[in-house]
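Q: Have a look; sequence and predicted model below, questions after that.
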Amino acid sequence: MATASVGAIAAVSRSVPAYGNITKKAGKLAILGGEPVRKNKSWPEWPYWDQEVLDSLMKTAKSRIWCRIQSSSGTVPTFEKKFAELMGAKFCIATGSGTQSLHTCVEALGIGPGDEVITSPYTDPGTIASILAARALPVLADLDRQSYQFDPDDVERRITENTKAIMPVHMMGQPCNMEAIMRIAKKHNLKVIEDACQAHLAEYQGKQVGTIGDVGCFSFQSSKTIACGEGGGIIGDNEELMDKCYTVHNHGTSRRGSTEVAGPKYRMNEFEAAVLLGQLSGVQERFARRNENAAYLSARLKDVPGVVPQKLYEGTASGSFYLYPMSYLKEHFNGADRSTFLKAVDAEGVSLSPYISQGLHREPWIENILSQKVYKKMFSQERLQKYRDEKACPNCDKVCEEMAMIWASGPLLGTKEDMADIADAIKKVYENRDKLNSI
Ligand SMILES: Cc1ncc(COP(=O)(O)O)c(C=O)c1O
């Protein structure tokens, strides 16, 4: 496997902070009785709150405006305006979750029974739930093994006469190859719904992700870099389409007050928006810190051949760093399997996670869906068989096997010493790779 792309290196080197190369002496591995790199130190906690968040919640409680339709100047409409501004979009509609935002967009674009939407198998189940909820067929395209994003060539191969939209998922908070995706969408006349649920404020070719396709969707679930427990948001510039989204998410009732379609009730509540409004003032600063820390980590990890940070596409200026992902290549670690590596790093006081254990193409939902009476009615037998025959995503399987990542919303807000601890722990395990097979 090759190392990160030119784009990745360019994006990283532009902003490497002057932390210097703080390296702790390698020594004996902690898992074998040595001194750990990091001891008795905590990471910044997440989700974030401060007095501003509490004041905002209290103000909402006292106002007795607890539901968005009670006032056009309540917390939800105010948050929608501010979030649209922050993202460089004309409009925003807040919802109860990222999944609800995605489903709202699928419905508003008129995608339904018999239609197909191409997305990634390496994602949260909410991505495909949004397509299944509309009784459309989620078609999963294999990944680029180094970027963990779906591969535009495989997306194009999977287009059929039923395909109505592409749903790129900006995994780990970094942009997909949107230049290629938008080219394919234009060529085949397809809509693009960006799943930016992990990618708040990430910038690609001068635009924030979520503003490149027809619509973009975000999650504000607790772990995300902008969080309120459960919440979501749709952004877009097309007023007519965003109006439709409003109608769908508001149980089919339009801004004009008439019930025009059958729709779910996906409105964000005023308390969720109060939490979001209360944390907006510090969002840019935290975003910049995560990017600075990630650049430092990537620069330090260049010396460790078997730990390769996520490849970024040309034009990536910044990421949300919801997660900081790396590929663990055991051939550089004396053949030690990933679980041994993770245990050894953990003993050094740094916790890495394997993240998603298997791609969605391997989940039993596929067979359950394909054998349902309703899907058999909507799609020909040949189409469903072809779907089964082509469901393999071998690059996604590799990514699941190789992933070692840091939950970054909190930890990447740490100090330069915290970042040095992460790099040193990984480096120490690398330098002791000949001992890993004795663990
Ligand atoms: C990539 C992606 N898509 C969709 C979702 C669904 O968002 P939510 O949990 O807010 O419904 C998530 C949530 O983690 C996600 O990470």
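A: The structure has been received and is ready for your questions. Just so we're clear, the structure is a prediction, and the values are computed from it rather than from any experiment.
Q: Is the residue most central in space within the chain in a helix, a strand, or coil?
A: Central residue check for the chain by Cα atoms, centre = their mean: the C-alpha nearest the mean position is that of Q198, 2.8 Å away. Under DSSP: H, G, I helix; E, B strand; the rest coil, Q198 falls in the coil class.
Q: I'd say it and Q221 touch.
A: No - with contact defined as Cβ atoms under 8 Å, Q198 does not count as touching Q221 (9.9 Å). Any C-beta I mention is one placed from the backbone N, CA and C, and that applies to glycine too.
Q: Ramachandran angles for the residue in the stretch 301-439 of the chain positioned nearest to the ligand?
A: For the stretch 301-439 of the chain and the ligand, the shortest gap (Cβ to the nearest ligand atom) falls at Y322, measuring 7.7 Å. Backbone torsions of Y322, given as degrees, to the nearest 10, read phi -60, psi -40.
Q: was I right about it contacting S223?
A: Yes - contact criterion Cβ under 8 Å: Y322 and S223 qualify, at 7.5 Å.
Q: anything in contact with each of the two?
A: In terms of Cβ atoms under 8 Å, 6 or more residues apart in numbering, Y322 and S223 are both contacted by the residues S409.
Q: between the two, who's got more neighbours?
A: Neighbours were counted for Y322 and for S223 using other Cβ atoms under 10 Å; Y322 has more, 27 against 15.
Q: What residues of the longest helix seen in the chain count as buried?
A: The single longest helix within the chain, with elements called by DSSP state H, is helix 283-301. Residues of helix 283-301 classed as buried: 283, 286-287, 289-301 (neighbour count, 16 or more other Cβ atoms under 10 Å).
Q: again with stretch 227-240
A: Using 16+ other Cβ under 10 Å as the test for burial, stretch 227-240 gives A227, C228, E230, G231, G232, G233, I234, I235, G236.
Q: just stretch 258-268 next, same as before
A: For stretch 258-268, by 16+ other Cβ under 10 Å, it's G263, P264, Y266, R267, M268.
Q: what's the answer for stretch 351-364, then?
A: For stretch 351-364, burial by neighbour count (16+ other Cβ under 10 Å) applies to L352, Y355, I356, G359, L360, H361, R362.
Q: Can I get it as PDB, trimmed to CA atoms?
A: Provided in PDB are the C-alpha atoms of stretch 351-364 (Å, rounded to 0.1, in the frame of the first residue of the first chain):
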ATOM      1  CA  SER A 351      -6.400   4.300  23.400                       C
ATOM      2  CA  LEU A 352      -7.000   3.600  19.700                       C
ATOM      3  CA  SER A 353     -10.100   2.000  18.300                       C
ATOM      4  CA  PRO A 354     -10.800  -0.400  15.400                       C
ATOM      5  CA  TYR A 355     -14.100   1.500  14.700                       C
ATOM      6  CA  ILE A 356     -16.600  -0.200  12.400                       C
ATOM      7  CA  SER A 357     -16.100  -4.000  12.600                       C
ATOM      8  CA  GLN A 358     -17.600  -4.800   9.200                       C
ATOM      9  CA  GLY A 359     -19.000  -2.900   6.200                       C
ATOM     10  CA  LEU A 360     -22.700  -2.600   5.800                       C
ATOM     11  CA  HIS A 361     -22.500  -4.800   2.700                       C
ATOM     12  CA  ARG A 362     -21.800  -7.700   5.100                       C
ATOM     13  CA  GLU A 363     -24.800  -7.000   7.400                       C
ATOM     14  CA  PRO A 364     -27.900  -9.400   7.300                       C
END
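Q: for it, what is the average pLDDT?
A: Mean pLDDT, stretch 351-364: 96.
Q: Within range of the ligand, give me the residues from this protein.
A: 97-99, 123-124, 126-127, 169, 195, 197-198, 219, 221, 232 (Cβ under 6 Å from any ligand atom).
Q: Where do the helices of the stretch 1-150 of the chain begin and end?
A: Secondary structure of the stretch 1-150 of the chain by DSSP state H, counting those that start in this stretch: the helices cover 6-13, 51-63, 75-87, 98-108, 125-132.
Q: Could you say which one of those comes nearest to D144?
A: For D144, the closest of the helices of the stretch 1-150 of the chain is helix 6-13, at 12.0 Å, according to Cβ to Cβ.
Q: hang on, the earlier thing: same list, the buried residues of stretch 227-240, but as CSV with pLDDT and distance to E367 please.
A: Converted to CSV, the buried residues of stretch 227-240 look like this (pLDDT from 0 to 100; distance: Cβ to Cβ, whole Å):
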residue, pLDDT, distance to E367
A227, 98, 35
C228, 98, 36
E230, 98, 30
G231, 98, 33
G232, 98, 29
G233, 98, 34
I234, 99, 32
I235, 99, 35
G236, 98, 35
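Q: As CSV, those with secondary structure and distance to A185 would be great.
A: Converted to CSV, the buried residues of stretch 227-240 look like this (DSSP: H, G, I helix; E, B strand; the rest coil; distance: Cβ to Cβ, whole Å):
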residue, secondary structure, distance to A185
A227, coil, 30
C228, coil, 31
E230, coil, 30
G231, coil, 28
G232, strand, 23
G233, strand, 22
I234, strand, 18
I235, strand, 18
G236, strand, 15
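Q: which one of the residues you listed sits closest to V307?
A: Within those, the smallest distance to V307 is 28.1 Å, found for A227 (Cβ to Cβ).
Q: Quick check: nearest residue in space to the closest one, chain neighbours excluded?
A: Spatial nearest neighbour of A227, excluding adjacent residues (Cβ to Cβ, 6 or more residues apart in numbering): P47 at 4.4 Å.
Q: Which pLDDT value belongs to the one you found?
A: Value listed for P47 in the pLDDT field: 96.
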